[in-house]
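> attaching a predicted model along with its sequence, questions to come.
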Amino acid sequence: MIRLKGRKIVGGAAEGLAIVSPEPISFFGGVDPKTGVITEREHPLNGLSVAGKVLVFPRGKGSTVGSYILYALAKNGAAPLAIINIETEPIIAAGCVMAGIPLVDRLKKSSLKVIKNGDFVRVLADKAIIEVEKG
């Protein structure tokens, strides 16, 4: 098991399989708020769902409406279980606060180098600890 320390943005705990994007995600216009499927055409995760997964990506991008899309995802049962960013910006932070999604960033080792699709990830956001079991 790999154990990483980071910075807590939104507390809570969750565990599940990772879905990892090397590119930023725009939730407004890039993620279907009813299903959690990424709809941005050129995105590497296009067609995949973030619902019920630990979502790992560098940072958010796009409109501030993205915060409300994260909230809608939670209300529709299609939200990620937790989010891990390299550097969280306000759109993602606000959305996770509204939706109650645990959020950690600034891991001591790059999350994109350590965590891969299908790894089992435990997010202990209150302690800013991420545990990774390779899939």
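Everything's here; your move. Residues are numbered from 1 along each chain as shown.

> okay, CA-based contacts and neighbour counts for the rest of this
Fine.

> how about stretch 115-134: buried residues?
115-126, 128-132 (16 or more other Cα atoms under 10 Å).

> for that stretch, how far is the first residue from the last?
8 Å (Cα to Cα, to the nearest Å).

> among the buried residues of stretch 115-134, which are in helices?
Among the buried residues of stretch 115-134, no member is found in helices (DSSP state H).

> can you tell me the SS state at L70?
For L70, the assignment made with DSSP: H, G, I helix; E, B strand; the rest coil gives helix.

> after the longest strand along the chain, next one along is what?
Looking across the chain with DSSP state E, the single longest strand is strand 13-20. Later in the chain than strand 13-20, the nearest helix or strand by DSSP states H and E is strand 54-57.

> show me the shaky parts of this protein.
Within the chain, not a single segment meets pLDDT under 70.

> tell me the secondary structure at the residue positioned nearest the centre of it.
Closest to where the C-alpha atoms of the chain average out (Cα atoms, centre = their mean) is I83, at 2.6 Å. Following three-state DSSP, I83 is assigned to strand.

> numbering from 2 from now on, please.
Shifting the count to begin at 2 puts that one at I84.

> that one and E132: what is the separation?
13 Å.

> quick one: V98 and K9 touch, right?
No - in this structure V98 lies outside contact range of K9 using Cα atoms under 8 Å: 11.8 Å.

> higher neighbour count, the two?
K9 (20 against 17; other Cα atoms under 10 Å).

> please, which helix or strand holds that one?
Counting by DSSP H and E, K9 is found in strand 8-11.

> other SSEs contacting that strand?
Using 3 or more Cα pairs under 8 Å, 6 or more residues apart in numbering; DSSP states H and E as the contact criterion, the elements in contact with strand 8-11 are helix 91-100, strand 104-106.
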